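Novice: A structural model of the following input is requested.
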Amino acid sequence: EMNTEIVSTCAALGYLEEDKYFKEADCLDSIKFLIKYLHNDDSTHSVRIQLGESQILQNDLIPLLTHYADDDELFQTVLRLVVNLTQPTLLCFGGKTPKDTTMHHLFLNIVSYNQGYKDAFGTNEEIWKILSQKVYDVLETEWEDRRPEVGLQVERILILIRNLLHIPPTNEDRKKISNFSSHDKIIRELHVAGIDSLIIFIAGSSTEQEYSLHIIEIICLLLKEQTAEALGKTGKAKSASDRQREGEELLNLRKIEESKKKAERAKMTPWHSRFGGTFVHRGTKSISDSRDLIVHKSVRQCDKVSFDDGKTRLKKARNRRALVQDLPQCRSSLNIRKILKEFCNHMLDSSYNVLMRAVKDRLSREKAQDHDESYYFSAMSFFLEFNRNSNFRIELISETLQLETLHYLDMQMIDYFELMGTDKQEAEAWGKRLHMALRCYHEFLMTVHQMEQSNNPELKEAAKVILNNVFYVVEYREIFLTLLRKFDERKQTRGFLKDLVKTTHLFLKMFENYCKSKRVRVSKKKKKGKRNTTKEKTLTEEERALKWGDIQTELRDYLQEANSENTTDIRPADVFDPTSDLSEEDQQRTAVVKIQSHLHAGRCNESVTMLRVAREVWPEKDIFGTTSMTNDEELTAMQEICLADLTNVVGEEAEMEEEQESEEEEELPPPRSTEIEFNYQDYLKKFADSKIMVQYVRLLKEFDRNDDHVNHCLVKMLHRVGFSLKMYGLLFQISLFRVFQKINTSVSSRTNKEIITFARWLISKFQEVSLENPNLFVEMLFWKNSAAEVYDVTEGYGSFSAENRKPGKSKNVWSDDDIAELTDLYNKYKDQDIDTVDGILSDISNDSRTRRQVCQQLVRQGFAQSLVELKKAKGNKSLVWREDDVNELKILVGEYRNSSDPIGNIIQMMSNKKSRPKVVEKILALGLVNDRKELYKKRAGKPKSGNAREIMHIGGEESEDDAPVPSSDESDHTDKVEKCSNLIRDYNDLPDSDAENITWVQQSLENSLADRRVLPDDEPVESIPLVPVSEQQESALDNYYFKKLLKTLGLQPPSNEQEQYWRIPASLSPMMIESSIALLKPSNKRSRM
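Specialist: Purely as a prediction, here's the structure:
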């Protein structure tokens, strides 16, 4: 239904009379109304469709632009409307082709209108001259003198050119009815008007880089129907090899045509169709009974009889169909090709490096849209190939022949590949971008290869430098393996697979030549190594005395000769760090431990220097002696430190972590890389993979549609696997033999002869092996998934296991029974809460299997894509208790039950380490102890401080006769005060602690005490909950030290599921509450070590 407002608005624009267009008085307002209508268009695009049906652009807008070019305001407004009308149809539908029938019909209508717009511009020479003059006038003006609307006008003209070039070809263009397609007409008009020269100028100008993204898009769309090889060779005299190749192609096409005609003539029969008759097909049993098949029609070829005749072919779901490649390639006329070749030559000479640098800068600074890197890749691959086939000059493409460019390509390919798996809705789009990046990678290698073959020594040396870096980096070598293994025809086209095969062939060819010339060292990623957490061995009293005897004389001589200057690198910052989480007392203890370590290691200078530096840091405490100490007094202090038992001091931090039952691991250092001697054969073995061979056989099935080079790359890879690696058993596959059969019966060509030669060799090997292995005919139906299976097929079943059982061979051999057992265990544990690999290790019959061996076999069997998927979560230890682990635990508990640190010694001696809570839980479950407290560490009494230097007592022992013996009540109260003080200190030392939480508990106790005092004597006392009101208080109630403090103060934890908060129990008397409040108040005295 026509919109009358739009009809009247279009009628008010003007009229054409004798090739002269006359505008109406309100023409400008009408154009603005049309822009407003388009802006408010509905989802069915009714306004755009109505304007297309009325051909407003051909009848009114183009005449307005040509006849009223001097009216700037009108020209700008009309140009806005033209840009809007010619925008790509996909933009109107959200970037996707609609699948709904009605919407798809509307989509095709708008495409047809755009094709009409393209034809109108392709036949109007005057409009292009006007647009060219407009751009030229702006570019002549200095950048500082331009008005903003003038720059906007240039941008709109560039967008208009982009829109017209983006319109797809018509059916007439595809059928090549005319010598000039609609795209060729636009190219011709751009050249005649000189706009192609303006595009080259803008691309090479450093002051016009704001248009760089529009320019590179226009260039890519100009060349979208051309091939760089054909364009580069335009106008050149053909060589003898080219003429011979073209002659062979024509001869081959003629043979194919004659074979088709011969097959058609063979189908013809002199019998009339009325004399069909009924026939009995001897040797073919019918479905109904055991008699021969009866055929009710004339049969010309007996092998064509099939039970499938008349059946409906099963259709594949749309999301499972292979993508069909649609690359518009058109062999334009010679004049158009000469225009484009001249354009490309000028582009390379003056603008290519500048443009690519500007575009790369905008991409790296994220100033571009998401799809603009695809135009960067398209332009790069085209001009690298064009330069290689035209006049090979490296300086013209130097900007895109750098290692930074290769790294950018590799990173983008990895990103696109990952997005194909995660963004499933746009997987096809990401696959196309991956294809563009791969073509750039291929052209990069082709250019380097041509540099390598050059006679110029400078180019050879530059190619050598590039290849050194390409082959050195592991990511550049592994990208082809990943893409081949993960190829998915639902997301990637056969064209991508062909380019991938060609690029892999080129890379392997260059790599093989490179490895032959010299020994190669390459980079290899090292796995993340764990930090060294091995504790130093604790010395006994006799060993410490022997250490002192060894260093006593040397230390005395050093003290007599050493001056007061610091002769080592030890500074005060190494002794005391005010920003550390450790308290000052803890850092003092750490300094003592370091001094003792230096003494035991015989480093006298470090021990003396650290003692003196610590004395300077803490001079007021006299902990490390006084500044007036003599050499003999220092020697005595050193002796006491060397002989002191500092086990408790050293293990204090570890004990706190154990009591907290923390299962967190230390942060691992970042992954490092190391250099290794490279073996090309080992790298080539990675391609001997059934997943990769499947892709090669899939592409070889289309041998008649592949070009000769693709078929050569395919058969060369099969030759590498079968002949070079001696893994011809991997190629014993019926689908490959079926392809060989078709090639043998087809019209032969030079490449087909190469394939047939290899096929004969492979079949001869198959016949040799089949004499020894009669099951080989069944093995043909299945791909072999590992080298062990291939070896067993060719050398006899069990040969691989027997070979690996020889001395010096690896013990990681998996038989068929082992693999079947692994499969059952994987299916059993994959959906359970515990770690899958741990569950498998707990039940597997071969206890010698390691976790890594099991993970590698799971990856080989296809249960996991990589070892990363089977990696255990950070911080987890093995949760599975084998029978050997339980027996070992029972022995260790009996041995260390009465030691000073039972659980610590048990964990240290366990061969299969597990977390402290799990070990304690298992011991209690087995009934090896009656109470958890039996496993706690027996703490020794803390050293007392005397009136002499405190350093003499750090870690030392006191006689029980010297210490006062308090009464039992005083002792209990003293222990409680000391315990609360230690818990408060431990809690405050935590990085996420808050001293206000201690104050909150104190205030809650004070409020409870005040309520108790005003409570009548006859009213019962109730428990008061300790309700947190902030996130800090809630997190404090989850902290180990804070909960232990509350329990020491007499508070009651939640006793069942109905209770949520800690409580101040009714049994707590006011006197006990007052005592608890006093324990929470900060002490006036600072406790010493």
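Novice: in the protein, which spans are strands?
Specialist: 14-17, 20-23, 279-285, 292-295, 521-525, 673-677, 1024-1026, 1062-1064 (DSSP state E).
Novice: Tell me which of these sits most buried.
Specialist: Sort those by mean neighbour count, taking mean count of other CB atoms under 10 Å, and strand 1062-1064 sits at the top with a mean of 23. Backbone N, C-alpha and C define where each C-beta goes, glycine included.
Novice: how far out from the middle of the chain is that one?
Specialist: The chain centroid and the centroid of strand 1062-1064 are separated by 51 Å under CA atoms, centre = their mean, to the nearest Å.
Novice: Contacts for that strand, please.
Specialist: Residues outside strand 1062-1064 that contact it (CB atoms under 8 Å, 6 or more residues apart in numbering): 1004-1005, 1008, 1023-1026, 1037, 1046, 1051-1054, 1073.
Novice: Generate a PyMOL selection restricted to the buried entries among those residues.
Specialist: This is how PyMOL selects the buried members of the contacts of strand 1062-1064, with burial counted by 16 or more other CB atoms under 10 Å:
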select buried, resi 1004+1005+1008+1023+1024+1026+1046+1051+1052+1073
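Novice: can I get the contacts of strand 1062-1064 in TSV with distance to L250 and pLDDT?
Specialist: Below are the contacts of strand 1062-1064 laid out as TSV (distance: CB to CB, whole Å; pLDDT from 0 to 100):
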residue	distance to L250	pLDDT
S1004	98	86
L1005	102	86
S1008	104	84
S1023	102	81
I1024	101	83
P1025	96	82
L1026	95	82
L1037	88	81
L1046	95	85
L1051	98	84
Q1052	98	82
P1053	93	80
P1054	91	77
I1073	107	84
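Novice: Could you pick out which of the contacts of strand 1062-1064 are located in helices?
Specialist: Per DSSP state H, helices hold the following members of the contacts of strand 1062-1064: S1004, L1005, S1008, L1046, I1073.
Novice: can you tell me which of those residues lies nearest to A601?
Specialist: Closest to A601 out of the ones in helices among the contacts of strand 1062-1064 is L1046 (44.3 Å), distances taken as CB to CB.
Novice: Low-confidence bits of the stretch 551-700 of the chain, can you list those?
Specialist: 562-569, 571-574, 578-581, 620-622, 647-676 (pLDDT under 70).
Novice: Now L384. Nearest residue, chain neighbours left out?
Specialist: Excluding the flanking residues, the one nearest L384 by CB to CB, 6 or more residues apart in numbering is E443, at 4.0 Å.
Novice: Give me the neighbour count for that neighbour.
Specialist: 25 (other CB atoms under 10 Å).
Novice: quick one, what contacts it?
Specialist: Taking CB under 8 Å, 6+ apart, one finds M380, S381, L384, E385, R388 in contact with E443.
Novice: now, among these, which is nearest to Q832?
Specialist: The closest of the contacts of E443, once distances to Q832 are taken by CB to CB, is S381, at 49.9 Å.
Novice: Kindly state the pLDDT recorded for that closest one?
Specialist: On pLDDT, S381 comes in at 94.
Novice: helices and strands of the chain: which one bottoms out on pLDDT?
Specialist: The helix or strand of the chain with the lowest confidence, counting by mean pLDDT, DSSP states H and E, is helix 652-659 at a mean of 47.
Novice: The helix ranked longest in the chain - contacts with which helices or strands?
Specialist: If you go by DSSP H, the chain has its longest helix at helix 240-267. Judged by 3 or more CB pairs under 8 Å, 6 or more residues apart in numbering; DSSP states H and E, helix 240-267 is in contact with no other helix or strand.
Novice: quick check, distance from it to the centre of its chain.
Specialist: With CA atoms, centre = their mean, you get 48 Å for helix 240-267.
Novice: in it, what counts as buried?
Specialist: N252.
Novice: In contact with the closest residue to K32 other than its chain neighbours, which residues?
Specialist: Excluding the flanking residues, the one nearest K32 by CB to CB, 6+ apart is T77, at 6.3 Å. Counting by CB under 8 Å, 6+ apart, T77 touches L28, I31, K32, I35.
Novice: Now the buried members of those.
Specialist: L28, I31, I35.
Novice: and which of those is nearest V192?
Specialist: I31 (28.1 Å).
Novice: Could you check how far the closest residue to the closest one other than its chain neighbours is from L85?
Specialist: Using CB to CB, 6+ apart and skipping the chain neighbours, the partner closest in space to I31 is T77 (4.9 Å). Plainly put, T77 is 13 Å away from L85 if you go by CB to CB, to the nearest Å.
Novice: sorry, back to before: redo the ones in helices among the contacts of strand 1062-1064 as a markdown table? Include distance to G232.
Specialist: Formatted as a markdown table, these follow (distance: CB to CB, whole Å):
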| residue | distance to G232 |
| --- | --- |
| S1004 | 86 |
| L1005 | 89 |
| S1008 | 92 |
| L1046 | 83 |
| I1073 | 94 |
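Novice: any idea how far the residue nearest to L384 lies from S206?
Specialist: For E443, the distance to S206 - CB to CB - is 26 Å.
Novice: again with N391
Specialist: N391 is 25 Å from S206, by CB to CB.
Novice: what does Y936 give?
Specialist: The value you get for Y936 to S206, if CB to CB is used, is 76 Å.
Novice: okay, these two: which has more neighbours?
Specialist: The neighbour count for Y936 versus S206, taken as other CB under 10 Å, is higher for Y936 (16 against 8).
Novice: Could you pull up the residues touching that one?
Specialist: By CB under 8 Å, 6+ apart, the neighbours of Y936 are P902, I903.
Novice: how near is it to S900?
Specialist: In terms of CB to CB, Y936 sits 10 Å off from S900.
Novice: just S1004 next, same as before
Specialist: Distance from S1004 to S900, by CB to CB: 38 Å.
Novice: L434 now?
Specialist: 63 Å.
Novice: for L731, same thing?
Specialist: Taking CB to CB, one finds L731 at 67 Å from S900.
Novice: Settle it for me: which of these two has more neighbours?
Specialist: Applying other CB under 10 Å to L731 and S900 shows that L731 carries more neighbours, namely 24 against 13.
Novice: thinking the more buried one is in contact with G722, fair?
Specialist: Yes: the criterion here is CB atoms under 8 Å, and L731 meets it with G722 at 5.1 Å.
Novice: joint contacts of the two?
Specialist: With CB under 8 Å, 6+ apart as the test, L731 and G722 both reach L762.
Novice: Mind jotting down where the helices sit in the stretch 201-350 of the chain?
Specialist: 212-222, 228-232, 240-267, 334-350 (DSSP state H, counting those that start in this stretch).
Novice: again with the stretch 551-700 of the chain
Specialist: Counting by DSSP H, counting those that start in this stretch, the helices of the stretch 551-700 of the chain are 572-575, 584-600, 604-617, 631-643, 647-650, 652-659, 680-685, 690-700.
Novice: Once you drop chain neighbours, what's closest to D26?
Specialist: Counting by CB to CB, 6+ apart, the residue nearest D26 is A12, at 5.9 Å.
Novice: show me what contacts the one you found?
Specialist: E24, D26, C27, S30.
Novice: about what we covered before: and the residue nearest to L384, how far is that from K460?
Specialist: Taking CB to CB, one finds E443 at 19 Å from K460.
Novice: And T227, by the same measure?
Specialist: 29 Å.
Novice: if you count what's nearby, which of the two comes out ahead?
Specialist: T227 (17 against 14).
Novice: show me the contacts for K498.
Specialist: L699, N706, V710.
Novice: Tell me how many other residues crowd the residue nearest to K594 when sequence neighbours are not counted.
Specialist: Nearest non-adjacent residue to K594, counting by CB to CB, 6+ apart: M610, 6.0 Å away. Neighbours of M610 under the rule other CB under 10 Å: 24.
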